[in-house]
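Colleague: return atomic coordinates for the entry below.
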Amino acid sequence: MRTPSRPAEPGPAPTAADYYAVNRGGGLFSEAVSQRIGARLAVFAYRNRLSPTVMTIGNLGIGCLTSFVVIATAGPVADGRVWSWLIGLIALVGWQLAYAFDCSDGQLARVTGQTSTAGGRLDVLCDVAVQSALVAALASVAKAQEPDTPAWLLAAFAATWMVNLVTSVMQGGEQAASMVTSRSLPIRAVKLVRDYGAVITLAGVLLTVAPQWTVWFVALFTLVNAGFLAASIAFTGRAALRG
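Modeller: Now for the predicted structure:
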């Protein structure tokens, strides 16, 4: 998807609007917030001659470091030795910033012509690492807050969380399809439950104000993602049978 360096380009520097115009969506919240922040990060990267790969690594470093802080403090927060609001704010800001870096790398690559197959693979691999760390962080908080949380629920949460990422990757190319193609506001509002930017915002707010409810967050998104996986299998299977 991207090459390691940006060649010199004549003409005026791209603006945030130029970068935002090539964003790949992600949902109502992601387009309204995360992609716009990503566009401004792309402007910063261009001015400082940072390659899209640097932005990808930024996503990896910030996202994993944030989740590590949440994991390391899960026990102390549950015991009342560390302020939950402090760790929650770190999670809220850190995960959002990491996702903004993830949004910026693709925008920067497309506007400056630095797309490459290797860069695209690196982007996906870093997304897997960041989201794996995020899942581990939320599972750690759920277990610390509710020691009786069943292991099968945490395992199911981890297994089904990646459905969003897998289906996003599968959306590329000529064979991409969507079960619900409408972009009406009500439909897009319903789809917020699968909007990564909205989900990590909810997770960060929850860790800030009510970390004891994290187990319910885990249960809810296990059901949502499992349901979407089942619906996707049915939708794709029906299409395959039709030939």
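Colleague: can you give me the buried ones in stretch 198-206?
Modeller: Residues 198, 199, 200, 201, 202, 203, 204, 206 are the ones in stretch 198-206 that count as buried (16 or more other CB atoms under 10 Å). (C-beta placed from N, C-alpha, C; glycine too.)
Colleague: and if you look at stretch 127-135?
Modeller: 127, 130, 131, 132, 133, 134, 135.
Colleague: would JSON lines of the buried residues of stretch 198-206 with distance to residue 109 be doable?
Modeller: Formatted as JSON lines, the buried residues of stretch 198-206 follow (distance: CB to CB, whole Å):
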{"residue": "198", "distance to residue 109": "24"}
{"residue": "199", "distance to residue 109": "25"}
{"residue": "200", "distance to residue 109": "23"}
{"residue": "201", "distance to residue 109": "25"}
{"residue": "202", "distance to residue 109": "29"}
{"residue": "203", "distance to residue 109": "28"}
{"residue": "204", "distance to residue 109": "27"}
{"residue": "206", "distance to residue 109": "33"}
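Colleague: next, give me the two most distant ones among these.
Modeller: 198 and 206 (12.5 Å; CB to CB).
Colleague: now residue 98: which helix or strand?
Modeller: In this assignment (DSSP states H and E), residue 98 forms part of helix 84-112.
Colleague: my error: substitute residue 234 in the last question.
Modeller: helix 214-241.
Colleague: packing partners for that helix?
Modeller: The contact analysis (3 or more CB pairs under 8 Å, 6 or more residues apart in numbering; DSSP states H and E) places helix 214-241 against helix 117-145, helix 151-161, helix 163-170, helix 196-209.
Colleague: weakest of those by average pLDDT?
Modeller: When those are compared by mean pLDDT, helix 163-170 comes last with a mean of 74.
Colleague: got the contact list for it?
Modeller: Helix 163-170 has contacts (CB atoms under 8 Å, 6 or more residues apart in numbering) with 124, 127, 128, 131, 176, 194, 196, 225, 226, 228, 229, 232.
Colleague: of the residues you listed, buried ones?
Modeller: Buried among those by 16+ other CB under 10 Å: 124, 127, 131, 194, 196, 225, 228, 229, 232.
Colleague: what residues are up against the residue nearest the centre of the chain?
Modeller: By CA atoms, centre = their mean, the chain has its centre lying nearest to residue 196, at 4.6 Å. Counting by CB under 8 Å, 6+ apart, residue 196 touches 26, 27, 30, 34, 99, 164.
Colleague: need those residues in CSV with neighbour count, can you?
Modeller: Output for these, formatted as CSV (neighbours: other CB atoms under 10 Å):
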residue, neighbour count
26, 22
27, 21
30, 25
34, 27
99, 27
164, 21
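Colleague: for the strand or helix carrying residue 61, packing partners?
Modeller: In this assignment (DSSP H and E), residue 61 forms part of helix 52-79. Judged by 3+ CB pairs under 8 Å, 6+ apart, the packing partners of helix 52-79 are helix 35-47, helix 84-112, helix 117-145.
Colleague: residues near the closest residue to residue 98 other than its chain neighbours, how many?
Modeller: Nearest residue to residue 98, sequence neighbours excluded (CB to CB, 6 or more residues apart in numbering): residue 63, at 3.5 Å. Neighbours of residue 63 under the rule other CB atoms under 10 Å: 27.
Colleague: residues contacting residue 130?
Modeller: 59, 60, 63, 64, 67, 98, 102 are the contacts of residue 130 under CB under 8 Å, 6+ apart.
Colleague: same question for residue 82.
Modeller: Taking CB under 8 Å, 6+ apart, one finds 73, 76 in contact with residue 82.
Colleague: so it, which of the three states?
Modeller: Following DSSP: H, G, I helix; E, B strand; the rest coil, residue 82 is assigned to coil.
Colleague: give me the phi and psi for it.
Modeller: Backbone torsions of residue 82, given as degrees, to the nearest 10, read phi -130, psi 140.
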